[in-house]
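Chemist: Fold the following, please.
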Amino acid sequence: MVSVSSFTVRVALIGVILVSWLALGVHAFEPGAADNPGDNVAPAAQPGQGDANAAAPAPEQQMASPAETPEQKAIPLQEQILGIPRRLAPGVLIRIPPDVQVSETHNRQDIVELVTADPQLEWARNVDFRRDVYCLEFEFKLPRLIAVDLPQPSGRLQRKAIWYMVYRVTNRGGALRPVPEDDGTYRVEAVDVPVLFVPTFYLEARTPAGEKRYPDRVIPLAKPLIQMREDPAIRFFDSTEIARTLQVGQSVWGVAMWEDIDPAIDKFSILVVGLSNAYTWVDPPGAYKAGDPIGQGRVFQRKILKLNFWRPGDEFIVKESQVRFGQPGTVDYEWIYR
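Modeler: Take a look at the predicted model:
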């Protein structure tokens, strides 16, 4: 009996020793438990924790789409939105910011009708004219080309290449208004006002045969094709439909179209009239004579946005992919008076 008891105790002791060694062995092979850290895979960092020896990954930069700048998003006309509009990639919609200058809120002119009738009327000379000035934001895609079958006077259809430009206009506010002071001077303050938008578009180019000017055309058969290509969820207005008053923050989509463009043109400009109400006028010396109608000979010039484009190609193969914004040796766009 004594020998059996001794044997039982020895077996139990051996079992305890084996269990202890097995526990130590498992712990020794846990990740990160070895003496040499290079022999093990580092544990994954938990959220909010990082490895002090490893460089933190650079945060991914999100580029804002030009269609979503500036900070306040434009409010589209509900009648134009037919579904969920496509999200444009950055740079597809080129933005021209509004341009308003304090110098545009006033100008000094003689009232030639009065000065001509009586040169002694000194108060009619160098009169200071003041007015509110606004400017709308203009965004556009590069001009594109689409083939459309158009009816001819003969009654037959003829396939023509139609140039078009999709654009969006937004009233961002910030009009300038001169306010009279008690001492007779003026201060200029920024105000938000509704703006009546009535646009006109011209495509101009210089050719060996002279300067060519193409006004915007309304082409009903081209509009459905353009809408399907650009965005079926947006109803694009042509120049006869788009005229309306834009409230502050409101935007409207439109499309300008041109027909029978000379394929030999490689440098051209698109003039956008109606974005600003700034203007100048000049009364040429001697243009008005006593007894003439009021304003006889007066020359008015409106502020116009001029977009310059370049198509490095020839007249035999005309592709829209050749169109570039800007021209060699000149600015991409400018505000002019004409």
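Chemist: Tell me the helices and strands packed up against the longest strand along the chain.
Modeler: Taking DSSP state E as the criterion, the chain has its longest strand at strand 157-170. Packing partners of strand 157-170 (3 or more Cβ pairs under 8 Å, 6 or more residues apart in numbering; DSSP states H and E): strand 137-140, strand 144-151, helix 222-230, strand 250-259. In this view, the C-beta of every residue, glycine as well, is placed from N, C-alpha and C.
Chemist: Point out the other helices and strands that the third one packs with.
Modeler: On a contact count with 3+ Cβ pairs under 8 Å, 6+ apart, helix 222-230 meets strand 144-151, strand 157-170, strand 250-259.
Chemist: if we look at the helix or strand just after it, which residues are touching it?
Modeler: In the C-terminal direction, the helix or strand that comes right after helix 222-230 (DSSP states H and E) is strand 244-246. Applying Cβ atoms under 8 Å, 6 or more residues apart in numbering, the contact partners of strand 244-246 are 136, 169-171, 194-197, 252.
Chemist: who's in contact with residue 333?
Modeler: Residue 333 touches 96, 305-308, counting by Cβ under 8 Å, 6+ apart.
Chemist: which SS class is the residue nearest in space to the middle of the chain?
Modeler: Taking Cα atoms, centre = their mean as the criterion, residue 95 is the residue nearest the geometric centre of the chain, at 2.5 Å. Secondary structure state of residue 95, per DSSP: H, G, I helix; E, B strand; the rest coil, is strand.
Chemist: Tell me the strands beside the longest strand of the chain, with direction?
Modeler: Strands that pair with strand 157-170, judged by DSSP bridges, come out as strand 137-140 (antiparallel), strand 144-151 (antiparallel), strand 250-259 (antiparallel).
Chemist: For the chain, just list every one of the helices.
Modeler: 2-28, 112-117, 222-230 (DSSP state H).
Chemist: Comparing the ones you listed, which yields the minimum mean pLDDT?
Modeler: Within the helices of the chain, the stretch with the lowest mean pLDDT is helix 2-28, showing a mean of 43.
Chemist: tell me the most buried of the helices and strands packed on helix 222-230?
Modeler: strand 250-259 (a mean of 22; mean count of other Cβ atoms under 10 Å).
Chemist: So what pairs up with residue 308 in the strands?
Modeler: Applying DSSP bridges to residue 308 gives these bridge partners: residue 269.
Chemist: doesn't residue 331 make contact with it?
Modeler: Yes. Using Cβ atoms under 8 Å, residue 308 is in contact with residue 331, at 6.8 Å.
Chemist: picking up where we left off before, if the residue nearest to the centre of the chain is in a bridge, with which residues?
Modeler: What pairs with residue 95, by the bridge criterion (DSSP bridges), is residue 139.
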